[in-house]
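Visitor: what's the 3D shape of this:
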Amino acid sequence: MSQGIDLRSDTVSLPTEAMLAAMMAAELGDDVLGDDPTVQRLEARCAALSGKEAALFVPSGTMANLIAIEVSTRRGDEVLAHEAAHPFHYEAGGAAGLAGIQLRLVPGPRGVMDPDVVAAAIRPEAPHHPRTSLLCVEDTHNRGGGRIQPLENTDALCALARERGLASHLDGARILNAVVASGVPLERRARGFDTVSFCFSKGLGCPVGSILCGDRGRMIRARRMRKMLGGATRQAGLLAAAALYALDHHVDRLAEDHRRAQELAGGLAEAGFALEPPETNILVVAVPSAPAFVERLGQHGVRCFPVADDRLRLVVHLGIDDADVQATLGAFTAARG
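Guide: So this is what the prediction gives:
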């Protein structure tokens, strides 16, 4: 049975037939014992792409972020992140419950933090305060509507972190969208960060998987933490093969998602809906009574999520074609009445 046009997230995308074939042809071993050759190829490739020494394949972006926090902090530390950061809103409190740290939230337009504001949030050394030990940046920014982090700003943030003795983590769940849209390679976008993670199960269309990259020392600790969290898997090459296929075939096509997002945004704007022009594949649209509006859209075959009482989010992905864009525009018109 058809599920209609599903714009809830790019995580709803399904593997293509060619990706499934690549998975079935994967050379396998036991990754917990360190001898799955397909996982090894993926980790080496991602380390090189990100300009880091090593990488670790993990089941999810949530686990990648949690491990990144754990390997750069001690229990009782404080981590600085944007007020709309994914670890604060969508990771079940794992940073506090499992890594034993607290998040201090920093404001900024659409997920972009001002280095001066971040500098003011760093705690002075004193027995009364938690130790500020890590800065997290999200690129692209989910709740910022797929906003690409300005490169000069991330450079300034990383320089500030180094100067003040903080580590830095780039939550790059959708960083390949930023790479394609900006034309700036992953290595350059990740430069200056101690760790960087990115997902294969979003825009790249894989069923499972994310990667965490960093220096060898951190990745040794990360591998132990993955085991502790139950994230070490055996014949993981099945999933790594999907990720390798996606890196070969599904990165450049992200530009199609961006084009369709822009066409969708243009049509919605012409129809009188207010929204920020998308930079990548995410649109945040202002509507009255968003939960009720989303329900009416569902009646017209379009699925999406409300992200506030007056806003909803649409995410374009490889399962959306040009006809779906036009049908979505018609559904918005019909839902408004």
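
Visitor: Tell me how far Gly97 lies from Leu103.
Guide: According to C-beta to C-beta, to the nearest Å, Gly97 stands 12 Å off from Leu103. Yep, even glycine has a C-beta here, placed from its N, CA and C like the rest.

Visitor: Between these two, which has more neighbouring residues?
Guide: Neighbours around Gly97 and Leu103, counted as other C-beta atoms under 10 Å, are more numerous at Leu103. The numbers are 20 against 10.

Visitor: Identify the bridge partners of the more buried one.
Guide: Val79 (DSSP bridges).

Visitor: That one touches Pro87, doesn't it?
Guide: Yes. Here Leu103 lies in contact with Pro87, judged by C-beta atoms under 8 Å, at a distance of 6.6 Å.

Visitor: and for these two, which residues touch both?
Guide: Both Leu103 and Pro87 are in contact with 81, 95, where contact means C-beta atoms under 8 Å, 6 or more residues apart in numbering.

Visitor: Closest to the centroid, which residue in the chain?
Guide: Nearest residue to the geometric centre of the chain (C-alpha atoms, centre = their mean): Ala173, 1.9 Å.

Visitor: per-residue pLDDT, that one?
Guide: Note on Ala173: pLDDT of 97.

Visitor: That one reaches Gly61, doesn't it?
Guide: Yes. Counting by C-beta under 8 Å, Gly61 is a contact partner of Ala173 at 4.7 Å.

Visitor: shared neighbours, the two?
Guide: Joint contacts of Ala173 and Gly61 (C-beta under 8 Å, 6+ apart) are 86, 197-199, 202, 210.

Visitor: so how many other residues sit close to His128?
Guide: Neighbour count of His128, defined by other C-beta under 10 Å: 6.

Visitor: right, I mislabeled it, should have said Asp309
Guide: 10.

Visitor: Return the distance of it relative to Asp114.
Guide: Taken as C-beta to C-beta, the span from Asp309 to Asp114 is 27 Å.

Visitor: what do you get for Val137?
Guide: In terms of C-beta to C-beta, Val137 sits 12 Å off from Asp114.

Visitor: Between the two, point out the one with more neighbours.
Guide: A side-by-side neighbour count of Val137 and Asp114, using other C-beta under 10 Å, places Val137 first with 27 against 15.

Visitor: The more buried one in helix, strand or coil?
Guide: Per DSSP: H, G, I helix; E, B strand; the rest coil, the secondary structure class of Val137 is strand.

Visitor: element containing the residue nearest to it when sequence neighbours are not counted?
Guide: In space, and not counting its chain neighbours, Val137 is closest to Leu170: 5.5 Å by C-beta to C-beta, 6 or more residues apart in numbering. Using DSSP states H and E, the element containing Leu170 is strand 167-171.

Visitor: Report all helices and strands that that strand contacts.
Guide: For strand 167-171, the packing partners by 3 or more C-beta pairs under 8 Å, 6 or more residues apart in numbering; DSSP states H and E come out as helix 61-71, strand 132-138, helix 151-163, strand 195-199.

Visitor: For the shortest one, name the packing helices and strands.
Guide: Identification of packing neighbours for strand 195-199 by 3+ C-beta pairs under 8 Å, 6+ apart yields helix 37-50, helix 61-71, strand 167-171, helix 175-182, strand 210-214.

Visitor: Show me how far it is from its chain's centre.
Guide: 8 Å (C-alpha atoms, centre = their mean, to the nearest Å).

Visitor: just the angle between it and strand 167-171, please?
Guide: 10 degrees (axes from the mean of the first three to the mean of the last three C-alpha atoms, to 10 degrees).

Visitor: I'd like the numbering to begin with 548 instead of 1 from here.
Guide: Sure thing, new numbering starts at 548, so read that last one as strand 742-746.

Visitor: Give me the contacts around strand 742-746.
Guide: For strand 742-746, using C-beta under 8 Å, 6+ apart, the contacting residues are 593, 597, 599, 607-608, 611-612, 615, 618-619, 714-723, 733, 737, 756-761, 765.

Visitor: count of neighbours near the residue nearest to Val684?
Guide: 29.

Visitor: May I ask you to confirm that it is in contact with Ala737?
Guide: Yes. With contact defined as C-beta under 8 Å, Leu717 reaches Ala737; the gap is 5.6 Å.
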